[in-house]
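1. Got a predicted model here, sequence first, then my questions.
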Amino acid sequence: MTRRFFVVLLLLGLIAIFANLLFNYAMDSELNQTARYYAKHTATDIGAANIVTAIIVTYRGLDTLGEVTVLFLTASIIGLVLARSKNKAQADAQPTQRSNQHKTRPFPSGELLTTGSDLLVPLILLLGAYVFINGHLTPGGGFQGGAILASAALLLLLTNPSRHFSHQLISKVESTSGLIFIVLGILGIFFAGGFLDNRLLPTGTLGSIFSAGIIPVIYSFIGLKVGAEFTSMMINLAETEKKQEKNK
Amino acid sequence: MNNILIGIAILLAISMIGAAVVAIRVKRPAIAILAAGMISLFASILFLFLAAPDVAMTEAAIGSGLTTFLFFFVLGRVRGDEHD
Amino acid sequence: MSWVALTTGFILILIGLYGALTNRNILRIIVSFSIANTGVNLIIVAVGYMASRTAPILDKTVAPTEALERIIDPLPQALVLTAIVIGVGVTALMLTYAFKLYEVKGTLDISSYKELKW
């Protein structure tokens, strides 16, 4: 009972702080200094129509590098933590029910589901590629496109839970695109203004697909990397589930 | 036009708060997870009204789609411990 | 518009924290944290909003020369985009450890985890 009392007390304190913030809030009437710099210089310096993309990939590219590193660490920690339990489950399952595992498929999915997913997966992959290639022109970009790519893998996983995904392929895509991202950033030091500078390629005219220098290339590789990381997270979580169910 | 948008935003806000209350009070975890996914989906519409299409896309694809499925993968494994 | 989003964000944070502090099931605690996460993102985006301005994308309707008067602050949006992606990573990590705890203990109730209690 005292625990709940302290929780309510804490929340009341937070309500006081939040109410203070809310009633003293006044909407800005003009951009602050940083935003004014971005609004004024993005079109001429970067050449990207989408200013948010320009900030993410070029102005604060180092942040994004850290972000994909955090995602990579998360995906690998999940793989590491779940790999142990997977091995244990496998070792437990092996002696008893190894023989009849191959014949019985747990959930045979219907004809409609299989055909529908075969039809939809290429379209979803195409949409993901469209979203991250056009990241510098329209809303969207590597992270959204990567999530769409991962959702294609999710659809395959849902229609056929016993499908085997190649971990080798996923990790190769992941590490290759990460490596290219960093190499492009380092090339910027030698051939342009600095690390992750986008003027490695000509900036082109604002609004065309080949513009904004190297931003579309970098964002495409970020998309592939993020898609591979999300896919490996999901597959790791889903595969352990399979092993567990077999175990019972 | 602007009034209609604000009306829709208030409606979304009320349903988000309602879904949040449902998510922390309801007995079955599956409904709590779905309510959390619904909050993310409505938040992405609110982001669109706040003139942030990039964030809206990210929230709809990642926050509402992938997170919900990650929760369900784990929920499928800890089944049998559904009621707390 | 931003008032609605700010109020909703604050209420979502409060509900999420209340749920995280009072629930006993680890899965429910993680759900509460993700609700609070959504609330924080809403507040950050709402702070960057300005009335009668449009999204920070330059095209036919917003020429680069008049961007200063027409667009809203792009920086909070970039930050929130990062925060959402990191948020799903953190949630996935929490879920993985919740599963490991379940494997060891056979339950998700935090009142049965007594190893570090004195």
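-> All right, it came through fine.

2. quick one: low-confidence parts of chain B?
-> Flagging of chain B using pLDDT under 70 yields the residue ranges B:1, B:80-84.

3. quick one, helices of it?
-> Ranges of helices within chain B are B:2-25, B:29-49, B:53-58, B:67-77, based on DSSP state H.

4. swap in chain C?
-> C:2-22, C:26-47, C:67-70, C:75-105.

5. tell me what the shortest one is packed against?
-> In this case it means helix C:67-70. helix A:33-41 (3 or more C-beta pairs under 8 Å, 6 or more residues apart in numbering or on different chains; DSSP states H and E). Every C-beta, even on glycine, is put in place using the N, C-alpha and C of the backbone.

6. near chain C, anything from the helix it packs on?
-> Yes. Using C-beta under 8 Å from any C-beta of the partner chain, helix A:33-41 reaches chain C at A:Thr34, A:Ala35, A:Arg36, A:Tyr38, A:Ala39, A:Lys40.

7. Check what contacts that helix and list those residues.
-> For helix A:33-41, contacts defined as C-beta atoms under 8 Å, 6 or more residues apart in numbering or on different chains pick out A:30-31, A:51, A:54-55, A:59, C:56, C:67-68, C:71, C:73-75.

8. So which bits of it are buried?
-> A:Ala35, A:Tyr38, A:Ala39 (16 or more other C-beta atoms under 10 Å in any protein chain shown).

9. Then stretch A:51-66?
-> Across stretch A:51-66, burial judged by 16+ other C-beta under 10 Å covers A:51-61, A:64-65.

10. which other residues reach the lowest-mean-pLDDT helix or strand in chain C?
-> Here the helix or strand of chain C ranked lowest by mean pLDDT, DSSP states H and E is helix C:67-70, holding a mean of 76. Contacts to helix C:67-70, defined as C-beta under 8 Å, 6+ apart, come from residues A:Leu31, A:Arg36, A:Ala39, A:Lys40, A:Thr42, A:Ala43, A:Ile51, C:Arg53, C:Thr54, C:Pro56, C:Leu58, C:Val62.

11. same thing with stretch A:193-212?
-> By C-beta under 8 Å, 6+ apart, stretch A:193-212 touches A:43, A:45-49, A:53-54, A:57-58, A:61-62, A:65, A:133-134, A:136-137, A:184-189, A:191-192, A:213-218, C:58-59, C:64.

12. Those: which ones sit near chain B?
-> A:Thr53.

13. ok so, going back, chain B: which of the contacts of helix C:67-70 is nearest?
-> C:Thr54 (5.8 Å; C-beta to the nearest C-beta).

14. which residues touch that closest one?
-> B:Ala51, C:Thr61, C:Val62, C:Arg70, C:Ile71, C:Ile72.

15. what's the neighbour count on the residue nearest to C:Gly39 when sequence neighbours are not counted?
-> Spatially, and ignoring its direct neighbours in sequence, C:Gly39 is nearest to C:Leu12 (3.1 Å; C-beta to C-beta, 6 or more residues apart in numbering or on different chains). As a burial measure, C:Leu12 scores 26 neighbours (other C-beta atoms under 10 Å in any protein chain shown).

16. try the one 3 residues further on
-> One way to gauge burial is a neighbour count; for C:Ile15, by other C-beta under 10 Å, it gives 24.

17. Okay, the closest residue to it other than its chain neighbours and chain A: tell me how far apart.
-> Ranked by C-beta to C-beta, 6+ apart and with sequence neighbours excluded, the top spatial neighbour of C:Ile15 is B:Ala20, at 4.3 Å. With distances taken as C-beta to the nearest C-beta, to the nearest Å, B:Ala20 is found 14 Å from chain A.

18. In contact with B:Ala20, which residues?
-> With C-beta under 8 Å, 6+ apart, B:Ala20 has these contacts: B:Ala35, B:Ile39, C:Ile11, C:Leu12, C:Ile15, C:Gly16, C:Gly19, C:Ile35.

19. Distance to A:Leu120 for those residues - can I get that in TSV?
-> As requested, the contacts of B:Ala20 are arranged in TSV below (distance: C-beta to C-beta, whole Å):
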residue	distance to A:Leu120
B:Ala35	27
B:Ile39	27
C:Ile11	38
C:Leu12	33
C:Ile15	36
C:Gly16	34
C:Gly19	36
C:Ile35	31
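
20. Between all of those, which two are separated the most?
-> Using C-beta to C-beta, the two most remote members of the contacts of B:Ala20 are B:Ala35 and C:Ile11, lying 14.7 Å apart.

21. Report how many residues lie close to C:Leu68.
-> 13.

22. out of the helices of chain B, deepest packed?
-> helix B:53-58 (a mean of 26; mean count of other C-beta atoms under 10 Å in any protein chain shown).

23. Since that was my last question, I'll sign off now.
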